[in-house]
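Undergrad: give me the fold of what follows.
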Amino acid sequence: MIPRLAMTAVAAGLGGCGHSSDGVAPQAVRACEGWIQNNLGYRSDYRRNGVRQALGPERSVVRIGFEGTNTFGVRIDGEAYCVFTTEAGRLGRFLPQDSFLTDS
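TA: Next comes the predicted model:
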């Protein structure tokens, strides 16, 4: 597991690097969006407003910005940091236990 402080450092570095959403593997975006929906809860509604990725030697991060409402109708404007293994320089297996959401 990646320590939270190290993960925050990786996530902070995403602002100026990575790829546009077309550079991120569609299956990674789908996995991350499913995880976002699951965390916001049943009947939540959100829209994606940006996707970036950063490949690391062992772990990679896909960051998805989003806005919408959660199960309780509370407005959410945040980001999901979805962690994946890095295999042969590409995104590998999704690691939901190391991933997290932020709310700004």
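
Undergrad: can we go C-alpha only for contacts and neighbour counts from here?
TA: OK.

Undergrad: buried residues in the longest strand along the chain?
TA: Ranked by residue count, the top strand of the chain under DSSP state E comes out as strand 75-87. Of the residues in strand 75-87, 76-86 count as buried by neighbour count, 16 or more other CA atoms under 10 Å.

Undergrad: redo the residues you listed as CSV? Include pLDDT.
TA: As requested, the buried residues of strand 75-87 are exported to CSV (pLDDT from 0 to 100):
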residue, pLDDT
Ile76, 93
Asp77, 95
Gly78, 96
Glu79, 96
Ala80, 97
Tyr81, 97
Cys82, 98
Val83, 98
Phe84, 97
Thr85, 97
Thr86, 95
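
Undergrad: mind listing what Val29 touches?
TA: Val62 (CA atoms under 8 Å, 6 or more residues apart in numbering).

Undergrad: just the element for it, please.
TA: With secondary structure defined by DSSP states H and E, Val29 is part of helix 26-40.

Undergrad: quick one: pLDDT of Arg43?
TA: With respect to pLDDT, Arg43 scores 87.

Undergrad: any idea how far it is from Val74?
TA: 12 Å (CA to CA, to the nearest Å).

Undergrad: which residues of this structure score low on pLDDT?
TA: 1-22 (pLDDT under 70).

Undergrad: nearest residue to Cys32 other than its sequence neighbours?
TA: Counting by CA to CA, 6 or more residues apart in numbering, Cys82 is the residue found nearest to Cys32 once chain neighbours are left out, at 6.0 Å.
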